[in-house]
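J.: Predicted model and sequence follow; I will ask about them next.
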Amino acid sequence: MNVNVMTLRQQTIRVLSKQKAVIAIAIMLFVMLFPNTNFYTPLNIMNIFRAASPDLIIAFGVTLAVICRGCDLSVGSVMALSGIIAIQLINGGMNIGLAILLATLSGSVVGFINGFLIVHQKTEAFIITLGMGMLVKGVALLLTSANPVPAKNMSFMMISNGSLLGIPNIMLFMLLLGAFTYWLLRYTSFGRNLYALGGDYEVAEHSGINVIRAKWVAFTITGTYAAIAGVLLASRLNTGSPIYGDAIPLLVNCGVVIGGTSFSGGVGGVVQSFIGIMVMQLLVTCMGALEVDRFIRMLVLGIVIVIIICMDCYSIKRKKEDV
Amino acid sequence: MTDQLRLKSFNLGKFVIEYLVFIAIVLLVIITAIVEPRFLSAENFTNLMRQFGPLSFVALGMTFIIVGGFIDLSVPGMISLVAIISLSLVDTIGEIPAILVGLALGAAMGCLNGTILIISGASTQAKALFITFGMSQVYGALALIHTDGTSMNRNLLEHEMPLTRVLGSGMLGPLSVSFVVFLFFLTVLYIFQTRTFLGRSINYTGGNIVAAELSGIPTKRIMILIYAICGFMAAVSAVVLFSRVSVTTPTVGMNYERDAIMAVVVGGTSLLGGRGNVLRTVLGVSLVVLMSNCMNLMGVQSHLQEVVRGAILVIAIWLDHRRQ
């Protein structure tokens, strides 16, 4: 029997499951051509990217965690906390640069602890980061007594809201971090090692890769990125609030998987995550432009998440059966 | 010979780790009783029994999921939807049928979760986590759509709800009615888990799903079963929940999944699956409830309580993995 011959149906399934995110974007853009909304205006397109920027930055970090077969559900709380820390320190009269540095470091610390618990103590990534997220959110609530904290310093606000050559700063930061992560994953031994240990942990370990260090660093970077996103978001909205990141972790992790970075580890990358997050963002924007009821929006988002994760699981199952 | 001796010798470290929750509970009770004598009053006892309420039912259901090696984040959505649907049906079909419909709905949603997981071939906890989170969004959105985002007031319904009233505030001797209902479910589920073939199969499936499959256990049916139990228990807790309060919001179930997972893990049921039972969960729920009661009595700020709760969850998960 010839294994290489696939039926048309199988081929279609294979192509569809690989390019599902691009197809989803194409369908949404096509649909938006018809209703008479100002979707296709430069301002709106710019707004979509601007709104997606914090999510994208977090997603770049989460990509590292997912590639080495983990995931990080504490990113939402880390994001909220770092924004609060930055604003409170600046309001307290600290130098802006130093305050932002400290706020970013808070994310690194959480990521470092996550990494320690996951790599050294061999806990399951998703459940321990869920717990860490709870803890960090508690700290954020404690710092603010659950109230939003407004920033008093105008120059802090300009970090995200300013623009260079017509491109908003927050987008520039996003592009910079994206390019950096792309380089990290593509051209450094650290990045290649991550793919190796995500693909097969044991094999990577036996081929002399320092798996513990690589995975640990990956989780630390994930935390750091989440904190950077938090500072930028706080600057854009000019407030820090403990409720910012509530829906973020699962949405971002789902977005990363939509793009094609699989939970089975070892595949994916920055570009895929970018596409995946844009699917989620476009979905939200399109439904907003079409004036869909907000509860129905929630319903659609839930159904989309379920379908996409199911497709990911299904393709993994098929791959196993094919072998 | 030496092996036998070693088995018989008393290992303090092992004992402490195995019964950590129990020791923690005893310590907590002693310390709080000394610091705050009101803790031992009869009023506080009734209060504690009430607080045991909704969380304990969810945690019992969650125990089966976690012992089976999975996880269920759809609990908040299920609780909200069951509470809203039951309440809105009371006026048309009467109180008891409405509650029964709610319970059936819970079990059906659980079955749906299990079926989706099986069809997609989601075999790990992480995948189950994301899929059930999505399902929670779906159920929660349905509850919100049903009421258009508004709350439902039980006292404004035309129909009298005697059963709900008894469940919410009735006393049976020194015990509250909801606590008696809890004891009933605990007994049934304990017997089911330890004395029946299906109940034991859940533990085997959680321990090693491949081995269970090969030894002829219908693992797929087991998966649907555990999710159905969890859905049903979430529905029970929804009923208990709306019997306690007069105004039910369509997001009433929020955070229950978190607390339930915490209670189960703190009780000593392993997240890796296969180990643990409902009695341990009762210990876990007791610790969670006692802890918040003690912190409230001592006037600990509510946000600090969040931090403590998160820290305890992280430590419990860490200890669970240390034990393996």
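T.: Structure's in. What do you need?

J.: CA atoms for contacts and neighbours, from now on please.
T.: OK.

J.: A:Val119 touches A:Ile212, doesn't it?
T.: Yes. Using CA atoms under 8 Å, A:Val119 is in contact with A:Ile212, at 6.0 Å.

J.: Which parts of the stretch 51-200 of chain A are strands?
T.: Under the criterion DSSP state E, counting those that start in this stretch, the stretch 51-200 of chain A contains strands at A:149-150, A:163-164, A:167-168.

J.: and the ones you listed as JSON lines, adding distance to chain B, mean pLDDT and mean neighbour count?
T.: Output for the strands of the stretch 51-200 of chain A, formatted as JSON lines (distance: least, CA to the nearest CA, whole Å; pLDDT from 0 to 100; neighbours: other CA atoms under 10 Å in any protein chain shown):
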{"stretch": "strand A:149-150", "distance to chain B": "16", "mean pLDDT": "84", "mean neighbour count": "19"}
{"stretch": "strand A:163-164", "distance to chain B": "36", "mean pLDDT": "76", "mean neighbour count": "12"}
{"stretch": "strand A:167-168", "distance to chain B": "33", "mean pLDDT": "80", "mean neighbour count": "15"}
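
J.: so which of those comes closest to B:Leu287?
T.: Closest approach to B:Leu287 among the strands of the stretch 51-200 of chain A (CA to CA): strand A:149-150, 34.1 Å.

J.: chain center to the closest one, what's the gap?
T.: Relative to its chain's centre, strand A:149-150 lies at 25 Å (CA atoms, centre = their mean, to the nearest Å).

J.: still on that earlier bit, A:Leu250: which of the strands of the stretch 51-200 of chain A is closest?
T.: strand A:149-150 (25.1 Å).

J.: Let me know whether stretch B:295-308 sits next to chain A.
T.: Yes. With CA under 8 Å from any CA of the partner chain as the criterion, chain A is reached by stretch B:295-308 at B:His303, B:Leu304, B:Gln305, B:Glu306, B:Val307, B:Val308.

J.: So the last one is in contact with A:Leu135, correct?
T.: Yes. With contact taken as CA under 8 Å, B:Val308 and A:Leu135 are classed as touching, separated by 7.4 Å.

J.: Looking at these two, which one has more neighbours?
T.: Remark: of B:Val308 and A:Leu135, A:Leu135 carries more neighbours, 26 against 19, as counted by other CA atoms under 10 Å in any protein chain shown.

J.: Chain neighbours aside, what residue packs nearest to the more buried one?
T.: Nearest non-adjacent residue to A:Leu135, counting by CA to CA, 6 or more residues apart in numbering or on different chains: B:Gly310, 4.1 Å away.

J.: Let me see the contact set for that neighbour.
T.: The contact partners of B:Gly310, by CA atoms under 8 Å, 6 or more residues apart in numbering or on different chains, come to A:Gly131, A:Met132, A:Gly133, A:Met134, A:Leu135, A:Val136, A:Gly138.

J.: can I get the strands of the stretch 51-200 of chain A in TSV with distance to B:Ser80?
T.: Output for the strands of the stretch 51-200 of chain A, formatted as TSV (distance: least, CA to CA, whole Å):
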stretch	distance to B:Ser80
strand A:149-150	31
strand A:163-164	44
strand A:167-168	41
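
J.: Those: which one's closest to B:Met291?
T.: strand A:149-150 (30.0 Å).

J.: Packing partners of that closest one?
T.: Using 3 or more CA pairs under 8 Å, 6 or more residues apart in numbering or on different chains; DSSP states H and E as the contact criterion, the elements in contact with strand A:149-150 are helix A:75-91, strand A:239-240.

J.: Right, I'll call it a day here.
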